[in-house]
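Peer 1: Mind looking at a prediction? Sequence and model below.
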Amino acid sequence: MAQWTSAVGAPQLARQLSAQQARPSAPGKRLPAYRTLADGIRLLVLEGRVPVATRLPAERELATALECSRTTVAAAYESLRAEGFLESRRGAGSWTAVPAGNPLPARGLEPLPPEALGSVIDLGCASLPAPEPWLTRAVQGALEELPPYAHTHGDYPAGLPVLQRMLAERYTAKGIPTMPEQIMVTTGAMGAIDAICHLFAGRGERIAVESPSYANILQLMREAGARLVPVAMADRLGGWDLPGWRQVLRDAAPRLAYVVADFHNPTGALADEEQRRALVDAARSAGTVLIVDETMTELHLEEDLSMPRPVCAFDPAGSTVITVGSASKAFWAGMRIGWVRAAPDVIRSLVAARAYADLGTPVLEQLAVHWLMRTGGWDRAVELRRVQARENRDALVAAVRRELPDWEFEVPRGGLTLWARAGGLSGSRLAEVGERVGVRVPSGPRFGVDGAFEGYVRLPFTVSGPVAEEAASRLAAAARLVATGAGGAGAEPARTFVA
């Protein structure tokens, strides 16, 4: 059972069901009304539209909202209980669940070792090779600037002052006045978010997260002992479901909330300015601190795209919004430099806590990032990255559409990931069988809470040209094996996850 129980009202559930895609039935065969209703609710759970552990309306209330008989609702609930998608207790009602045997991911999104890449196309990590020659130039520039620092102790818990100032100036240039005292340099975005979670959310504290969300961050928060509260993303690439966020912030009162406003990982969604303003206002009213992950913000891939202002523009003092940035996605994953922008008192607390963590971030890498930003090399390298990601995206989209025409997805206008509904197949089985046919892809449940998104996979823009075509071809081969149950010895035909 999930760690926090929400509730969905009968009118809201009826609207979600009416918007749900109708499940195709066999020719000449009409599904019973209760079966159609049960399938619709099951799909809402599997796709994260109704989070696990959500209390469902009473049978009579839902029957009234759907204009059907109570018997139909009762039979649908009983069917869901039998399948493991509903749990009930007399006097307490019924709430959504996932079957105990539902396949869940067992590994993280760690990259394959280089020696394995000859035989396997790795779509597990959303990371691209370094944009040369800028990495080499940055390291050479850093070495030239290193000697004065080599005569010091080398420990800078808040980061090198020159990089703090540079990052503050970049925020100020965006119209968000920022002092160096509002910046802490970290060891990647993961290091930043880990420090924030430990400062603000002790074990057992609630953290609201988008559903789906970035798998490694979800795992980091679980291991920190957080109680994750999922909030479904809006349909298509529409950003956030603001009514859902307001309800969770009001009812669950989470200490923290983690969001990716710019080219969300994994969906690629881009929140607009009104959504940003509204979410900041809702968080401020609830006393919730927003962690805003900006690691994808510079990876806009369309020339005509006008980017919204950063979320912190609606909280310039940094009292509600803590912004996290990184060089890892925009530049190179091997450049483990991240940063936090927040109120000065928050930065002081984070720096003080660092004495019991990693003490500081490597000086040479900080100097390399500073050299890039000081010389203009950062912007030129990021432009190379955008061109590469755009070409990769277009090649992958064309290949998947050709090889897997029944897969559904929206093409994002930025970021590094495509969130694909896998034609009614289990994403976990596709990931398992895919590795055997030479393509590695992460399954949807990695990005959800409590087993949601079983019918999805994430495809990053990390390959292009013939490699993208071969990756799609291998995915299609895996899909055929999963669909026929031939993916393993004694395997049964795959269960359909599309209603």
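Peer 2: On my side now, so go ahead.

Peer 1: which SS class is residue 257?
Peer 2: strand (DSSP: H, G, I helix; E, B strand; the rest coil).

Peer 1: shift numbering so it begins at 21
Peer 2: Got it, the first residue is 21 from now on, which makes the last one we talked about residue 277.

Peer 1: ok, it touching residue 308?
Peer 2: Yes. Here residue 277 reaches residue 308: they are 5.3 Å apart, a contact under Cβ atoms under 8 Å. (C-beta placed from N, C-alpha, C; glycine too.)

Peer 1: sec struct for residue 83, please.
Peer 2: Taking three-state DSSP, the label given to residue 83 is helix.

Peer 1: overlap in contacts of residue 277 and residue 308?
Peer 2: 228, 269 (Cβ atoms under 8 Å, 6 or more residues apart in numbering).

Peer 1: Number of residues surrounding residue 270?
Peer 2: 12 (other Cβ atoms under 10 Å).

Peer 1: go on, residue 418?
Peer 2: 13.

Peer 1: Quick check: which element contains it?
Peer 2: In this structure, residue 418 is located in helix 397-423 according to DSSP states H and E.

Peer 1: packing partners for that helix?
Peer 2: helix 154-165, helix 383-395, strand 437-441, helix 485-504 (3 or more Cβ pairs under 8 Å, 6 or more residues apart in numbering; DSSP states H and E).

Peer 1: any chance of those in CSV, plus distance to residue 313?
Peer 2: CSV is the format used below for those (distance: least, Cβ to Cβ, whole Å):
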stretch, distance to residue 313
helix 154-165, 23
helix 383-395, 18
strand 437-441, 13
helix 485-504, 27
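
Peer 1: now, of those, which is deepest in the fold?
Peer 2: Of all the helices and strands packed on helix 397-423, strand 437-441 has the most neighbours on average by mean count of other Cβ atoms under 10 Å, namely a mean of 24.

Peer 1: relative to helix 485-504, how tilted is the following helix or strand past that strand?
Peer 2: Using DSSP H and E, the helix or strand that follows strand 437-441 in sequence is helix 447-457. Compare the direction of helix 447-457 with that of helix 485-504 by axes from the mean of the first three to the mean of the last three Cα atoms, to 10 degrees and you get 120 degrees.

Peer 1: so how far is helix 447-457 off the chain centroid?
Peer 2: How far helix 447-457 lies from its chain's middle: 21 Å, per Cα atoms, centre = their mean, to the nearest Å.

Peer 1: Give me the buried stretch members for it, please.
Peer 2: 447, 448, 449, 450, 451, 452, 453, 454, 455, 457 (16 or more other Cβ atoms under 10 Å).

Peer 1: Which other helices and strands does it contact?
Peer 2: For helix 447-457, the packing partners by 3+ Cβ pairs under 8 Å, 6+ apart are strand 476-480, helix 485-504.

Peer 1: List the buried residues in the helix holding residue 418.
Peer 2: Here helix 397-423 shows 397-398, 401-402, 404-406, 408-410, 412-413, 415-417, 419-420, 423 as buried, counting by 16+ other Cβ under 10 Å.

Peer 1: Now tabulate the helices and strands packed on helix 447-457 in JSON lines and tack on mean pLDDT.
Peer 2: Formatted as JSON lines, these follow (pLDDT from 0 to 100):
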{"stretch": "strand 476-480", "mean pLDDT": "95"}
{"stretch": "helix 485-504", "mean pLDDT": "95"}
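
Peer 1: where does this structure dip in pLDDT?
Peer 2: 21-25, 40-49, 120-138, 507-519 (pLDDT under 70).

Peer 1: Could you rerun that using 80?
Peer 2: 21-26, 39-51, 66-69, 73, 111-112, 120-138, 255-258, 375-379, 470-471, 506-519 (pLDDT under 80).

Peer 1: domain ranges for it?
Peer 2: 30-116, 134-146+400-504, 154-395 (automatic domain parsing).

Peer 1: now the first one, how far from the chain's geometric center?
Peer 2: By that I understand domain 30-116. 27 Å.

Peer 1: The longest one too?
Peer 2: Distance, stretch centre to chain centre, for domain 154-395: 14 Å (Cα atoms, centre = their mean).

Peer 1: Between its first and last residues, what's the separation in it?
Peer 2: Terminal residues of domain 154-395 lie 11 Å apart, using Cα to Cα, to the nearest Å.

Peer 1: residue ranges for the strands of the stretch 171-320 of the chain, please.
Peer 2: 203-206, 226-231, 247-252, 276-279, 309-313 (DSSP state E, counting those that start in this stretch).

Peer 1: Now render these as JSON lines, adding distance to residue 368 and mean neighbour count.
Peer 2: Below are the strands of the stretch 171-320 of the chain laid out as JSON lines (distance: least, Cβ to Cβ, whole Å; neighbours: other Cβ atoms under 10 Å):
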{"stretch": "strand 203-206", "distance to residue 368": "9", "mean neighbour count": "26"}
{"stretch": "strand 226-231", "distance to residue 368": "23", "mean neighbour count": "25"}
{"stretch": "strand 247-252", "distance to residue 368": "28", "mean neighbour count": "23"}
{"stretch": "strand 276-279", "distance to residue 368": "19", "mean neighbour count": "25"}
{"stretch": "strand 309-313", "distance to residue 368": "16", "mean neighbour count": "25"}
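
Peer 1: Out of these, which is closest to residue 387?
Peer 2: Within those, the stretch nearest residue 387 is strand 203-206; the backing value is 11.1 Å (Cβ to Cβ).
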